[in-house]
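# Compute the structure for the input listed below.
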Amino acid sequence: MTKILLVEDDDTITFGIRAALAKRGYEVTGCISLAEAKQVFSKVFALVLLDLNLPDGSGYEFCRWLKEQYNTPIIFLTVRDAVGDITKGLDMGADDYVTKPFHIAVLESRIEAVLRRVPEENGEMLSCAGISLDREKMQAFVGGEEVNLTALEYRMLLALMENKGRTLPRSMILERLWDSEGNFVNDNTLTVTVKRLREKLKNTHCIKTVRGIGYRMEDGQNGAK
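Presented below is the predicted three-dimensional model:
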């Protein structure tokens, strides 16, 4: 069951959202303050519904706190509908912004849309066609067989699979691959790493080259590399 954290101090709104989402198969945990939300939050939650106006501060504060540690999606729920408020929330990393009052069907659609974009982000296993990656054990598999990857190859595959379906510019990948000891990864190293990674993944066509831009991981075996 998909778990959602609702940070909202209005009991009536909390009751309505919890009852409606329960009918759609979601399990909703309610919090009435920033302090309680920080105490309760864990990676088991697939999504956070966050009010801006809370008794002990602003929802922006919780959004900033959360995004510094996790990639958990956030949807703001608030009466504040000024363009400045909306853009501030989105710029901080929120995935959507729903203004009150709202119809519950609209909220349900927004939730489903956000969760479709990040279906596996909170799980330990990532997959693409016959390739799977266990983030907890830091292991990769092709057709159920483990593949021995270097640390650089693993980080490359992780970056691609965490962003499956999105084109990652080479500059962004290079920044991601810069290791913890500050050893620089240059453009030629990136090209060689992708080549070797494809070979170890049995010449997979899941890693697409977007010429002049970067790379993208996607399901399917058709099309050029």
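
# can you map out the helices along the chain?
For the chain, applying DSSP state H gives helices covering 11-23, 34-40, 59-67, 83-91, 104-117, 151-162, 170-177, 187-200.

# want to throw those helices into a markdown table with distance to residue 143 and mean neighbour count?
All C-beta atoms are positioned from the backbone trio N, CA, C, and that covers glycine. Listed next are the helices of the chain as a markdown table, based on distance: least, C-beta to C-beta, whole Å; neighbours: other C-beta atoms under 10 Å:
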| stretch | distance to residue 143 | mean neighbour count |
| --- | --- | --- |
| helix 11-23 | 38 | 14 |
| helix 34-40 | 40 | 16 |
| helix 59-67 | 36 | 18 |
| helix 83-91 | 40 | 13 |
| helix 104-117 | 27 | 14 |
| helix 151-162 | 15 | 19 |
| helix 170-177 | 26 | 16 |
| helix 187-200 | 13 | 15 |
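
# Mind checking those for the one nearest to residue 132?
helix 151-162 (8.8 Å; C-beta to C-beta).

# Just list what the closest one packs against, helices and strands only.
Applying 3 or more C-beta pairs under 8 Å, 6 or more residues apart in numbering; DSSP states H and E, one finds that helix 151-162 makes contact with strand 125-128, strand 131-134, helix 170-177, helix 187-200, strand 214-217.

# Now do that helix and helix 187-200, the angle between them.
80 degrees (axes from the mean of the first three to the mean of the last three C-alpha atoms, to 10 degrees).

# With just CA atoms, put helix 151-162 into CSV.
Provided in CSV are the C-alpha atoms of helix 151-162 (Å, rounded to 0.1, in the frame of the first residue of the first chain):
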residue,chain,number,x,y,z
ALA,A,151,32.6,2.1,-8.8
LEU,A,152,32.5,4.5,-11.7
GLU,A,153,30.4,2.2,-13.9
TYR,A,154,28.0,1.6,-11.0
ARG,A,155,27.5,5.4,-10.3
MET,A,156,26.9,5.9,-14.0
LEU,A,157,24.3,3.2,-14.2
LEU,A,158,22.7,4.5,-11.0
ALA,A,159,22.4,8.0,-12.3
LEU,A,160,20.8,6.7,-15.5
MET,A,161,18.3,4.4,-13.8
GLU,A,162,17.3,6.9,-11.2
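
# can you tell me the average pLDDT over it?
The predicted model assigns helix 151-162 a mean pLDDT of 89.

# Next: stretch 199-208.
Rounded mean pLDDT across stretch 199-208 is 90.

# before we move on, back to that, can you add distance to residue 95 and give the helices and strands packed on helix 151-162 back as TSV?
Listed next are those as TSV, based on distance: least, C-beta to C-beta, whole Å:
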stretch	distance to residue 95
strand 125-128	19
strand 131-134	23
helix 170-177	19
helix 187-200	29
strand 214-217	20
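
# Out of the helices of the chain, flag the one nearest residue 131.
Comparing those by C-beta to C-beta, helix 151-162 comes nearest, at 7.6 Å.

# Kind regards, and thank you for your time.
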